[in-house]
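**Student:** Fold the following and give me the result.
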Amino acid sequence: MATIQCRKRKRKDSADEQEWNTANLLKSLQKKEGLCELHTHLLGMGNASFWVDTILTDRRILPTQDHFMKKNQSSLRRDLGPLIWNDSIQQFIGSEQVFNFFGYLSSHDSLLPEYKDMKPFCDLISEEFEKKKDHHKLTYKENFSYDVVFSLENMVKGLGLKQNQPRDMLQCVIEEKLGIYTRSDWNHHFFFKYWIIFNAREQKLEIIYGMQAADLRMLIGETKSIDKLGNTAKRDARAHIINAFSMMNSDGTEPRSVDFHSFRGAFTPEFYPRRFALKDSLYTQRLDLLVYLLQHVLHRYSTCVPPVKYCEFSVGCGDLTRPWMLDVLSTFCIREELHGSFKSLIDKNCFPWLKASTSELKVDYRFLAGFNRQIEPINDSYTPDEAIPFLFEAPHFVIHALFKEFYLTDNQKPTLLFRKQVQQLKAMKTQKDTNPKFLDLVVGLDALGDELGHPCCPFVAHEFIEFVRDARKHNRTFGVRIHAAENAPFIRPDLPGYRLFAAHMYILYRCIDFLKRKLQTNIRVGHGIAFDKLLSIKNYKFRKSSVLVAQMKRDAKSVFSEIPFEVNITSNFYLLGGAIRNVKKEKPLSNLYDIEVPVVLSTDNDGILPIDRCDLGHYSHHSLAAEYCRAIVTRFISKEEHLDRMIQTSFNSRFAHSKPIERVNWVNQNTSHYNKDECYFPTDIIVHPTLLDMLFKSQASVNDRPSVFLQYYRNIHSESNVEGPITDYDKIMMRLLVAFFYLMRARPYKEFKEDYENLFPPPSECKHRYKEIFTQEGCLKIYEVCKKVHSYLMTDTPNRGAYMEVEVDSEYYLFCSEVPNNRKSKPTLLLQNIKEFMNKRIKNIIIFSFLSSIDENNNEIIENLQEIDTLLRDPSSEVNKVFLYTNTKKDLVFPFLKSGKIFINNKPSMRTDATEDEIESVLLYAICPHSSVVTSCIHFIAKHIHKKGFAIKTRHVDFRYLVIPFLPLNFGFTIEGTSENPKTQFLQHFHISGTNFAKEVVVREHDACEQLYERQYNILCADIRYQKQIETKDLLKEIGKSKFDFLNLLRILCGSIKNFSLWPAFFVILNDVNEYNSYTTDFGNNNNNIPVPIIQIDQHFLICSCVNLYERRHDKWSSCLWSLATSWNPPLNSVNNPHAYPYVTWTLKIFEIGREKLNKEFGVDTWEELLTKVLLDGDQRAWYSDTVNYWCDVIEKAFRDEENVHFFVEFLKKSDQSKKLLAILNDGGRHKLGNQWQLDVIEKRQAKQILNKLKETMEQALIC
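**Tutor:** Residues are numbered from 1 along each chain as shown. Here you go, the predicted model:
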């Protein structure tokens, strides 16, 4: 009893001490001179009371249209009229001039002569706008709205409706929510109309369909507060509108506990765009309201205790690159020289509510340019809405794509993933170069937007790195902030889907690490709290993703210890679930504190997430001060030194300082290239820190000769002591890792051998079964095995599968993987490889196969699995087992599989290898498109490579992946136990003996089948492999607007078909001509051994990236042109679809050249032969109105010179083909060119006269 009382007394004493400590900390907070706000979004600020009660229901700020248009209210239209920007003088036009302009529009309903050439007025009206205005029968006098109009689209978003519904249905739902149908006048009062508005944000007149603010004000009860509204419909409407600005209970009151469940994890659409949409309508038409918001926010900062002295607002880069937007946003800057012309309008009594109390706003504020992180799909099999399923099903593919970006940045190449963001950056660069105030106001970049499914940060792109370095010549503290580890997809570590969380966090981690290596300083992380969760959970060693997690845990301190994390307590409480917030921890974020991460407090969105008071109701504790109070009460801040350090860290982490920065050419970073040995490579292997620790430990007693391999890993990983013995399996893994390191960097065997022998000297004694591996003889075997894995499985060539056969003690294993972007259709390649391997009838077969997902409802897949199952049930079958692994549907079973030898996701709760042994610890994670099969295979090899019966069967890649068409045709080939020379075997293997290609190719003996070229061209080959691949049929659409010699292009491509028997299948475009100029000397038209030389088009290079073998001999150039024009390569392509017409783009362009020129270039009758092929092909088609029109286009283009009819008829007569063409033209069968329906289409075209003349001339020639 005494013990219990003693415990109670201790708990009471502890609680009293904690309460006393909290009170002292709160007193200390009150005494602070000021706070620093680093993480807040301007357009997310202002609570519902500000937007609804202060703006929307205030007729002084938002007068009605009737009030604007009263005759005695011309001063209102003058003072609150549109803000038009004069770009030539970089300021707003005077209100009197704007008033006159809109007065003229209202009177004349068109642009008067004196305005037609007067900028900027003439730029406000586009041709599209005029057409829409006429279409809807609108006039400026009747339909121009001075009142704000809330567009239907923004109303849909603001009220949280699904946007994929018909517009009329959505309008009815909105009208229902706003109580319109409870009104007696609903049938004749049309709340939604077409209006002409001035879009001040984009500086243009536009037409929108929406509701005026005056009508919305009426529907929500005018100025009455919600608790005073007796009308239920108006009270409900007010609640809906309140919720469009702040995250509240559905009745418009403070959110209840259950409401937070609907907010959390629903960043999209609950937070964005829902709570931003109606604000967009307000400040898009009235920029002064944006300034009013800024004034309101600065006033709150100034009046909280302690006050906020400095703030960095995040604003979209699109707004900041518009000079008029930056002009209005600079209105309250402490430094007067940064003020814009809008400030002078306030001084002239325009917008009178903005003039009051401006002198009290003593907050130094700057801006961060926000870039939305969302990117286009990385893989063609996934739509933009399937970013999360993609990361869930193929996390390695996303990591591989990110590593490509690292590689491109290391080599100063244009981005692939972040093209949209780079386009926005170009506009920002223009402003930086032309506006001297720009870098004084914009002090950093901000990667924002919902990170769910989009963890990659655009700032890792070369263009962003260079922009930041350049900006630091003006502002040495110009920085980047990454929203990261906020809305992260947490999944329990015991579930298979844990890989989604691990991959998401790993991508964020690698982005931050990469930026730190490139920029060194002035990097901040917004939120970051999911890293605290990651560091707190148990890591499951048998999972592949455990390698990623282990690396993050090991190196988190070295990466994060100097990067401030901006924590937003209220925001996290509203938007994040308890799992990510790690609510079970007594002290919040203790895991981040343990690794010395500097943490600062911010508000994020003080308004959408109301921070109007602290939990204790202290006077003047609102906004950031309330966040600090909450942090003290929850023991997030438990000591005065923590409080002092947090406040000081926030001031030290600013991207700008209050004093002007002297303009000097100063850059702290070394902008030169990294050492190539430290560069990132897209195809890589992530190593478990435990294996690296063992490696470092084993090298402690080795000689000190420099090792490129060892130095690389010591540079990027922190070391730690390792306990316990190093097993033989671990030692083999180390050796494999060294070999892959050199192979992935395309370094020669000689360098690998030197480093290998230095790292792994032969032991004085060696177990018999490992003697071949651990002695010097093992060096070559390790290398050859890894080279085959690298060649067969680690390919990152687009649209290519993976396949490798391994023999171990008379057992035969097949490791294979499906084409990465084949997700929803039948895994053709995978199933084909399985059946092909089974049909070899080798004994003791085990097949280990992988694909990202499997569709159990696809009948073709079911049929193929049944076919394989039938083969397995055959008594003569020697196949032991077929394993098929996916990243999804782990519990899927197929009852119809009767053989008992097909295992789909065998033992899903654990990871097993090809021999069904459980893998206790995964040590490597291969980053490549076929990651799963590579990772499994490497672990399998480490377990079996020491056996005498271990061998990997030589398998040559498909021909189309072998040939690099812009390089000389020099190949290496592995001779397989015959006396024949390498070229003979090479030609026989690919069945190309006797082709034109065979005459040109040079082959020599080599340890792998590959095209041989100098190492200096590695970067060029990688650049081309990682660029967007353009199919030949789409090529002209991609380059159509560029200036280029089309005849030269035809000459080169047809030359590839005719002279080399190679059909150009895919192309890439490289943008920087200067960078690649040296290659044109090596691989241009002057080299006869190159099938498709590099072609310059404007400031770009067009490079053929992939060819197919053309198995038909071409004696005539017209056949080459025909094949190229139709994108038809028999026998690789099936006969063209008879319902399509594939000739339009290429054929029109070819006939545009003209008969004489084409025949001069390619030989007599080439034009006639090609046209004959095109026209006679009409017999193979089913004609419809659209395809008939395409056919007419070709006729009109080919016979634009009338004399061509005569030459063509003469050719037909000479080649005896006139009757064939006449028969096609006169065939009146269904869907034929002579059918009346088709003739009706031709009748309307010029082609009608041409065809009549052609037929008449042919008939006369036949009579003669």
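
**Student:** Tell me, how many residues neighbour S75?
**Tutor:** If you count neighbours by other Cβ atoms under 10 Å, S75 ends up with 11. Any C-beta I mention is one placed from the backbone N, CA and C, and that applies to glycine too.

**Student:** Assign it to helix, strand or coil.
**Tutor:** helix (DSSP: H, G, I helix; E, B strand; the rest coil).

**Student:** next one: M804
**Tutor:** Quick answer, by three-state DSSP: M804 is strand.

**Student:** Which secondary structure element is home to F903?
**Tutor:** strand 902-904 (DSSP states H and E).

**Student:** how far out from the middle of the chain is that strand?
**Tutor:** Its chain's C-alpha centre and that of strand 902-904 lie 35 Å apart, by Cα atoms, centre = their mean, to the nearest Å.

**Student:** Please identify the buried residues of the helix or strand following that strand?
**Tutor:** Counting by DSSP H and E, the next helix or strand C-terminal to strand 902-904 is strand 924-927. Neighbour-count burial for strand 924-927 flags 924-927 (criterion: 16 or more other Cβ atoms under 10 Å).

**Student:** Could you tell me the end-to-end distance of stretch 37-49?
**Tutor:** For stretch 37-49, the first and last residues are 22 Å from each other (Cα to Cα, to the nearest Å).

**Student:** Let me see the mean pLDDT of it.
**Tutor:** In this model, stretch 37-49 has a mean pLDDT of 93.

**Student:** Over to stretch 138-156?
**Tutor:** The predicted model assigns stretch 138-156 a mean pLDDT of 95.

**Student:** Just the buried residues of it, please?
**Tutor:** Counting neighbours by 16+ other Cβ under 10 Å, one finds that the buried residues in stretch 138-156 are 138, 140, 143-156.

**Student:** Mind checking which of those land in strands?
**Tutor:** Among the buried residues of stretch 138-156, the ones falling in strands (DSSP state E) are 149-151.

**Student:** Can you give me every residue that contacts C1009?
**Tutor:** Contacts for C1009 (Cβ atoms under 8 Å, 6 or more residues apart in numbering) come out as 791, 954, 956-957, 962, 971-974, 986.

**Student:** rerun at 7 Å
**Tutor:** Residues near C1009 by Cβ atoms under 7 Å, 6 or more residues apart in numbering: 956-957, 962, 972-974.

**Student:** ok, the residues you listed vs Q711, which is closest?
**Tutor:** Using Cβ to Cβ, G972 comes nearest to Q711 of these, at 30.3 Å.

**Student:** Name the member of the contacts of C1009 that has the highest neighbour count.
**Tutor:** That'd be F973 among those, by other Cβ under 10 Å, with 23 neighbours.

**Student:** ok, now how distant is F490 from S546?
**Tutor:** Applying Cβ to Cβ, to the nearest Å, the value for F490 to S546 is 16 Å.

**Student:** Next, D1227: phi, psi?
**Tutor:** phi -70, psi 110 (degrees, to the nearest 10).

**Student:** Quick check: it vs V1209, distance?
**Tutor:** 19 Å.

**Student:** Of these two, which one has the most company?
**Tutor:** V1209 (23 against 17).

**Student:** Counting neighbours, show which residues of the helix or strand hosting that one come out buried.
**Tutor:** Here V1209 sits within helix 1203-1215, counting by DSSP H and E. Using 16+ other Cβ under 10 Å as the test for burial, helix 1203-1215 gives 1204-1205, 1207-1209, 1211-1212.

**Student:** Spell out the residue ranges of the strands in the stretch 901-1050 of the chain.
**Tutor:** Assigned strands in the stretch 901-1050 of the chain, in chain order: 902-904, 924-927, 951-952, 970-973, 1002-1005, 1010-1011, 1030-1031 (criterion: DSSP state E, counting those that start in this stretch).

**Student:** quick one: contacts for the residue positioned nearest the centre of the chain?
**Tutor:** Centroid-nearest residue in the chain: I375, 2.5 Å away (criterion: Cα atoms, centre = their mean). Taking Cβ under 7 Å, 6+ apart, we find I375 in contact with 417-418, 454, 456.

**Student:** if you set the cut-off to 10 Å instead, what comes out?
**Tutor:** The contact partners of I375, by Cβ atoms under 10 Å, 6 or more residues apart in numbering, come to 384, 387, 401, 415-421, 453-454, 456, 458.

**Student:** from these, which would you call buried?
**Tutor:** 387, 401, 415-418, 421, 453-454, 456, 458.

**Student:** From Y407, how far out is the closest residue to L851 other than its chain neighbours?
**Tutor:** Using Cβ to Cβ, 6 or more residues apart in numbering and skipping the chain neighbours, the partner closest in space to L851 is E818 (4.0 Å). From E818 across to Y407, the span is 25 Å (Cβ to Cβ).

**Student:** could you point out which element follows the host helix or strand of M218?
**Tutor:** Using DSSP H and E, M218 maps to helix 213-219. Where DSSP H and E defines the elements, the next helix or strand beyond helix 213-219 is helix 232-243.

**Student:** Same question for that next one: list its buried residues.
**Tutor:** 233-243.
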